[in-house]
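# below are the sequence and a predicted model for it; my questions follow.
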Amino acid sequence: MRTVNRIVASVVLLAVLAVAGLALFVRVYFTDERVRQMVLPQVEKALGRQVTLGPISAGLFSGIQVGSLAIREADGKGDFITAEGFQLKYSLLPLLQKKLLIHEIVLERPQVRIRRALDGSFNYQSLAILQNTPRREKAPKEPAAAQDTASPSLPLALTIQQVSVRNGALIFTDEQKRLPDSTTAFSLDLSLALGRKPGQIDYNGKLELAAELRKQGKEGNISGTVRFRPAELAAELTCSLDGQQIRLSGKASDYRQGPTVTLD
């Protein structure tokens, strides 16, 4: 019996030491500067946009906490997406092999600004991750020593499986004035599968929304669910305007570049 107790005690002690060691490793290794070096270059490359992050902290079970997020417009003159903060959740076991495997992103109170320009283009269409053919840019080669210094020593694997958005707001404006301006409260659950090359992405998402519409002095609201994947977007919506209520369902194909809409 004493032997069994000693074995159990040893196992428990080893487990406690392992957790304590990992917790210390996370706090010491995942500093603000190092996380920026690991995350920012890959995110900016995937989006083709400038990205800024707020203060960063890390915990063993809480993941990596980022105080704020801003993704700029393509011309850099305004914000495309902002968020009060977000969380990167990672797998614990890969840390033992000195690998950071981020599998989930949780965004807090993001604001997404969608704009249709006078030429009919949308501001999200230029995102690098949505391009059918990745753009290749030639960058000047840096000396090997400089490259080694700038690269983080811990590999980062962005195998993100889930994106969750809480208390989001989508602000839509149409410079053509054909569609009503709107502010939409939304929540999002998105499953992702990233390919080996930039631009290769498969996803399946569900968006719950409630929007306030404004056009020509009239106000209304719209609520419902939108489900989407690369080839198609499908929506079931309820619209209210001047006391009248309409239920709509429809689909849009090729919506990432030039949408074709079908309403039922």
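Looks like it arrived, so ask away. All of these numbers come straight from a predicted model, not from anything done at the bench.
# below-threshold pLDDT in the stretch 151-264 of the chain: ranges please.
For the stretch 151-264 of the chain, residues meeting the criterion pLDDT under 70 lie at 151-159, 194-201, 215-216, 256-264.
# where does the stretch 1-150 of the chain have low pLDDT?
For the stretch 1-150 of the chain (pLDDT under 70), the answer is 1-2, 4-5, 15-19, 21-26, 95-100, 132-150.
# for the stretch 151-264 of the chain, just list every one of the strands.
Remark: strands assigned in the stretch 151-264 of the chain by DSSP state E, counting those that start in this stretch are 156-157, 162-174, 181-194, 201-215, 218-229, 232-241, 244-253, 260-263.
# how far off strand 162-174 does the third one point, in degrees?
Taking axes from the mean of the first three to the mean of the last three C-alpha atoms, to 10 degrees, strand 181-194 and strand 162-174 form an angle of 150 degrees between their directions.
# quick one on the thing from earlier: tabulate the strands of the stretch 151-264 of the chain in JSON lines, adding columns for distance to residue 67.
In this view, the C-beta of every residue, glycine as well, is placed from N, C-alpha and C. Shown next, in JSON lines, are those (distance: least, C-beta to C-beta, whole Å):
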{"stretch": "strand 156-157", "distance to residue 67": "20"}
{"stretch": "strand 162-174", "distance to residue 67": "16"}
{"stretch": "strand 181-194", "distance to residue 67": "21"}
{"stretch": "strand 201-215", "distance to residue 67": "26"}
{"stretch": "strand 218-229", "distance to residue 67": "30"}
{"stretch": "strand 232-241", "distance to residue 67": "32"}
{"stretch": "strand 244-253", "distance to residue 67": "36"}
{"stretch": "strand 260-263", "distance to residue 67": "39"}
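# so which of those comes closest to residue 107?
Residue 107 lies closest to strand 162-174 among the strands of the stretch 151-264 of the chain, at 4.7 Å (C-beta to C-beta).
# may I have the closest one exported as CSV, CA atoms only?
Extracted C-alpha coordinates of strand 162-174, given in CSV (Å, rounded to 0.1, in the frame of the first residue of the first chain):
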residue,chain,number,x,y,z
GLN,A,162,-12.4,28.2,-34.8
VAL,A,163,-13.1,32.0,-34.7
SER,A,164,-15.7,33.3,-32.3
VAL,A,165,-17.0,36.9,-32.2
ARG,A,166,-18.8,38.4,-29.3
ASN,A,167,-20.9,41.6,-29.3
GLY,A,168,-19.8,42.7,-32.7
ALA,A,169,-21.0,45.6,-34.8
LEU,A,170,-21.0,45.8,-38.6
ILE,A,171,-21.3,49.3,-40.1
PHE,A,172,-22.3,49.4,-43.8
THR,A,173,-22.2,52.5,-46.1
ASP,A,174,-23.0,52.7,-49.8
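# tell me which of the strands of the stretch 151-264 of the chain sits nearest to residue 78.
Among the strands of the stretch 151-264 of the chain, the nearest to residue 78 by C-beta to C-beta is strand 162-174 (11.5 Å).
# for the closest one, packing partners?
With contacts taken as 3 or more C-beta pairs under 8 Å, 6 or more residues apart in numbering; DSSP states H and E, strand 162-174 sits against strand 100-108, strand 111-116, strand 181-194.
# highest mean neighbour count out of these?
strand 100-108 (a mean of 19; mean count of other C-beta atoms under 10 Å).
# so which of the strands of the stretch 151-264 of the chain is nearest residue 77?
Taking C-beta to C-beta, strand 162-174 is the member of the strands of the stretch 151-264 of the chain nearest to residue 77, at 14.8 Å.
# kindly state the beta-bridge partners for residue 220.
Counting by DSSP bridges, residue 220 is bridged to residue 213, residue 241.
# what sits against it?
Going by C-beta atoms under 8 Å, 6 or more residues apart in numbering, residue 220 touches 180, 212, 213, 239, 240, 241, 242.
# run the last query once more with 7 Å
213, 239, 240, 241 (C-beta atoms under 7 Å, 6 or more residues apart in numbering).
# got CSV for the helices and strands packed on strand 162-174, with distance to residue 232 too?
Putting the helices and strands packed on strand 162-174 into CSV (distance: least, C-beta to C-beta, whole Å) gives the following:
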stretch, distance to residue 232
strand 100-108, 24
strand 111-116, 19
strand 181-194, 15
